[in-house]
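In: Need a 3D model of the following:
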Amino acid sequence: MTKRIFLLCTTVVFLFLVVAVSHSFTGFFSKHKTVRDANGEILIPLEDINDGSAHHYQYKNGGQTVKFFIVQSDDGVIRAAFDACDVCFHSKKGYTQEGDYMICNNCGQKFHSSRINVIKGGCNPAPLDRTERGKELVIRAEDILKGAKYF
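Out: I've put the predicted structure just below:
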């Protein structure tokens with residue numbers, strides 16, 4: 001009986017390690033949803049992102065993956081930024097949302113979501129151009145690829 005429990009525990013720990021390592025190296029279970037462009041534009045329905053929660057995406061092009069997030073701030077503006085900043089991008093840790101703030105996962109600095117796309121540089125989330133067209137948020141693929149230097 002003791003051998004069975006030991007074997008079961010060892011198996012569970014081994015499986016946990018396999019999942020954790022695969023997550024670290026391949027983005028398995030990534031919080032970033034993959035988006036594709038159509039005629040050079042990424043279209044995201046506003047109804048999918050106007051809830052005040054940060055939505056993380058990744059765009060892949062020619063072997064390059066660029067990560068970004070979209071969040072509606074408390075003033076109602078839909079904002080977009082690369083999931084990186086000018087200072088901490090080497091860590092590749094991105095941002096996490098806590099209420100009305102986006103938190104740098106590397107240095108821990110907090111940034112009010114209403115300041116995203118307003119303040120640039122330093123550890124602020126690097127802004128990403130976007131427009132609203134009808135019921136969709138439009139981001140040009142070429143604007144996303146400008147952020148490739150962070151990833």
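
In: Mind telling me which residue is nearest the centre of this structure?
Out: When C-alpha atoms, centre = their mean is applied to the chain, the residue found nearest the centroid is His56 (3.5 Å).

In: Direction included, what does the host helix or strand of that one pair up with?
Out: According to DSSP states H and E, His56 maps onto strand 55-61. The strands beside strand 55-61 in its sheet (DSSP bridges) come out as strand 33-35 (parallel), strand 64-72 (antiparallel).

In: Do I have it right that the residue nearest to the centre of the chain meets Val71?
Out: No: counting by C-beta atoms under 8 Å, His56 stays clear of Val71, with 9.6 Å between them. Bear in mind the C-beta positions are built from the backbone N, C-alpha and C, glycine included.

In: quick one, what contacts the residue nearest to the centre of the chain?
Out: 31-33, 67-69, 83, 94 (C-beta atoms under 8 Å, 6 or more residues apart in numbering).

In: if we take those, which one ends up nearest to Asp143?
Out: Among the contacts of His56, Phe68 lies closest to Asp143 (C-beta to C-beta), at 9.7 Å.

In: so what pLDDT did the closest one get?
Out: What the model reports as pLDDT for Phe68 is 97.

In: bridging residues for it?
Out: Beta-bridge partners for Phe68, by DSSP bridges, are Tyr57, Phe82.

In: quick one, what contacts it?
Out: Taking C-beta under 8 Å, 6+ apart, one finds 56-59, 80-83, 128, 139, 144, 147 in contact with Phe68.

In: State the number of residues packed around Val138.
Out: 15 (other C-beta atoms under 10 Å).
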